[in-house]
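# missing the sequence, but the structure's below:
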DNA sequence: ACGAAAAGTAAAATATAATTGACATTTTGT
DNA sequence: ACAAAATGTCAATTATATTTTACTTTTCGT
């Protein structure tokens, strides 16, 4: 499933996929894949993304 | 860093590492490694563990 | 104290996250 | 409408999470 929450949070923070990738130390493709879904990122990466976007794990990655 | 929160949550739920591993579909060693720290589990696994223990990502895996 | 269950740990093999490079498409500003 | 930036996506490779097997140590009930 797509990660719409992350995409929105990134838009709110006004950073491109490329910029976010640079901040958290991965490639742009990795960020793109996470937002596109069908991907299973590591906890460390999820945490880094949250901190970069001023969100928590529950806010960006929790699914009921 | 050790994941003490997860260990405590598992104790509260009164399930062994082996039982939890079985519930979330990984091996006992994987659970052990996560609790021992120096490990970087996948988001999917973290989520499965949270649901098994009735906790959220922030409660078990968030670090300031 | 004893035995059994649970927990800790390690090395080698396997599965998969993440990278790289490259190209196509969409969005945005002017 | 045009150019530039941003996004979507793919195949091949590399890095690393997870498994498997196996052994040691702790914990807990009786």
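Right, received. Where do you want to start? Here the structure is a predicted model, which is why all the values come from computation and not from measurement.
# so, in contact with DNA strand C or not, stretch A:29-41?
Yes. Using Cβ under 7 Å from any atom of the strand, stretch A:29-41 comes into contact with DNA strand C via A:29-30, A:33-34, A:39-41. No exception for glycine: its C-beta is placed from N, CA and C like everyone else's.
# and the two most separated of the residues you listed?
Maximum pairwise distance among the residues of stretch A:29-41 next to DNA strand C (Cβ to Cβ): 14.9 Å, between A:29 and A:40.
# re earlier: show me which of the residues of stretch A:29-41 next to DNA strand C neighbour DNA strand D.
Checking these against DNA strand D by Cβ under 7 Å from any atom of the strand, the ones in range are A:29, A:33.
# Around chain B, which positions in chain A sit nearby?
Contact residues (Cβ under 8 Å from any Cβ of the partner chain) of chain A with chain B: A:40-44, A:46-47, A:56-58, A:61-63.
# now those: which count as buried?
Neighbour counting with 16 or more other Cβ atoms under 10 Å in any protein chain shown marks A:41-43, A:46-47, A:56-57, A:61 as buried within the residues of chain A next to chain B.
# and the two most separated of these?
A:42 and A:56 (16.8 Å).
# picking that back up, mind putting the residues of chain A next to chain B in a markdown table, pLDDT included?
Shown next, in a markdown table, are these (pLDDT from 0 to 100):
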| residue | pLDDT |
| --- | --- |
| A:40 | 90 |
| A:41 | 94 |
| A:42 | 93 |
| A:43 | 94 |
| A:44 | 92 |
| A:46 | 96 |
| A:47 | 95 |
| A:56 | 96 |
| A:57 | 96 |
| A:58 | 97 |
| A:61 | 95 |
| A:62 | 94 |
| A:63 | 88 |
